[in-house]
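Q: Sequence first, predicted coordinates after that:
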Amino acid sequence: MDRLSHVVVFGECMVELVNQGKDTLTKGYAGDTYNTAVYLKRCTPGTSVSFLTSIGADFLSNELLFKMGEEEINTDLVYRSETRNLGLYMVQTDEHGERTFAYWRDNSAATQTMNLKGDTPLSADLFYFSGISLAILDEIQRCKLFALIKTIRETGGKVVFDPNYRPRLWQSRKEARIWTDLAYANADIAFPGGDDHLALYDHTDVDAIHAHVTALGVAEIVVKNGAAGVHIFTKGNHCIVPVERVARVVDTTAAGDAFNGGYLAARISGKSVTESAGYGAKVAATVISFPGAIVDKGAFSTRVNTASSVSP
């Protein structure tokens with residue numbers, strides 16, 4: 001991948017409440033695409049990363065803007081709703097680091113992002129979105145999003161999609177399939193997951209996932225298949241990169257998001273797909289060793305070098 005100067009990530013960032021005991025919660029800010037934006041930026045500090053979303057006019061929204069500033073994520077594409085606030089979710093983790101979520105997001109400001117954006121022009125070298133980004137929008141706004149994606153690709157930008165299937169956000173599996181297939185058909189790079197494709201398409205192996213996504217025209221397919229490793233397909237080539245083992249898994253909340261951010265950071269820095277998958281695995285392994293979706297910046301930087309400094 002050519003070195004890119006401007007990345008736009010579209011989606012929702014919510015208030016994250018993590019259970020730390022019977023009556024204790026800690027507050028943070030996270031969401032699948034926001035997590036990816038944070039880790040991509042941390043791993044490629046010289047890349048301009050903007051987060052396209054909508055927030056409220058409340059104090060929590062103001063705190064989120066401050067957090068985005070701390071992460072050096074551009075807020076030029078953050079829109080304000082005067083009538084809606086941030087979504088919220090609560091997460092519990094078991095002794096194996098696996099998580100259970102409860103969400104309050106149906107009327108969040110982010111569900112109105114494309115309406116609030118209006119006709120404001122937007123350009124990007126790379127545009128990233130997910131199945132959750134799609135699911136929270138109504139049908140009219142989804143069409144606006146794909147019109148934007150078409151313009152980005154026509155002007156030379158690359159589009160990246162992660163299906164990140166969440167059944168509760170869709171009216172039916174049929175509806176989710178239609179929009180997910182449309183997203184694949186408009187993507188240059190895709191991150192299909194084994195669990196997502198099993199739940200959404202009944203695909204039981206990597207070959208079935210590869211056949212489906214390739215038929216929709218995606219050039220670079222990165223299949224995340226849990227402990228079985230990462231399968232990468234590009235122009236008839238296929239390689240497998242193992243996941244990185246960790247001594248103790250604390251919280252798997254943002255594992256896939258962190259991998260995506262690390263992978264894209266390495267690709268932007270000129271690394272091969274194999275090197276990028278190895279780097280993404282290292283980023284993910286670091287993140288799941290700590291509680292919460294967004295790991296403390298200092299702790300993260302002591303374990304993960306920037307993508308550009310990783311030896312080819």
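A: Here it is on my side, so go on.

Q: mean confidence for the helix or strand harbouring Thr302?
A: Assigned by DSSP states H and E, Thr302 belongs to helix 297-303. Helix 297-303 carries an average pLDDT of 91.

Q: Give me the helices and strands touching that helix, please.
A: Contact partners of helix 297-303 among helices and strands, from 3 or more Cβ pairs under 8 Å, 6 or more residues apart in numbering; DSSP states H and E: helix 32-43, helix 273-287. No exception for glycine: its C-beta is placed from N, CA and C like everyone else's.

Q: Of all the ones you listed, which one comes closest to Leu200?
A: Closest to Leu200 of the helices and strands packed on helix 297-303 is helix 32-43 (Cβ to Cβ; 15.6 Å).

Q: Which other helices and strands does the next helix or strand after that closest one contact?
A: Under the assignment DSSP H and E, the closest C-terminal helix or strand after helix 32-43 is strand 48-55. Strand 48-55 is packed against strand 6-10, helix 32-43, helix 59-70, strand 78-80, helix 113-117, with contacts defined by 3+ Cβ pairs under 8 Å, 6+ apart.

Q: next one: strand 48-55 to chain centre, how far?
A: Per Cα atoms, centre = their mean, to the nearest Å, the displacement of strand 48-55 from the mean C-alpha position of its chain is 12 Å.

Q: And that strand, what's buried?
A: Residues of strand 48-55 classed as buried: Ser48, Val49, Ser50, Phe51, Leu52, Thr53, Ser54, Ile55 (neighbour count, 16 or more other Cβ atoms under 10 Å).

Q: before we move on, the earlier item: return the alpha-carbon coordinates of the helix holding Thr302 using PDB.
A: Provided in PDB are the C-alpha atoms of helix 297-303 (Å, rounded to 0.1, in the frame of the first residue of the first chain):
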ATOM      1  CA  LYS A 297      -1.000   5.300  26.400                       C
ATOM      2  CA  GLY A 298       2.200   4.900  28.500                       C
ATOM      3  CA  ALA A 299       1.700   1.200  29.100                       C
ATOM      4  CA  PHE A 300       0.900   0.700  25.400                       C
ATOM      5  CA  SER A 301       4.000   2.500  24.100                       C
ATOM      6  CA  THR A 302       6.300   0.500  26.300                       C
ATOM      7  CA  ARG A 303       5.200  -2.700  24.600                       C
END
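
Q: Please consider this matter closed, and thank you.
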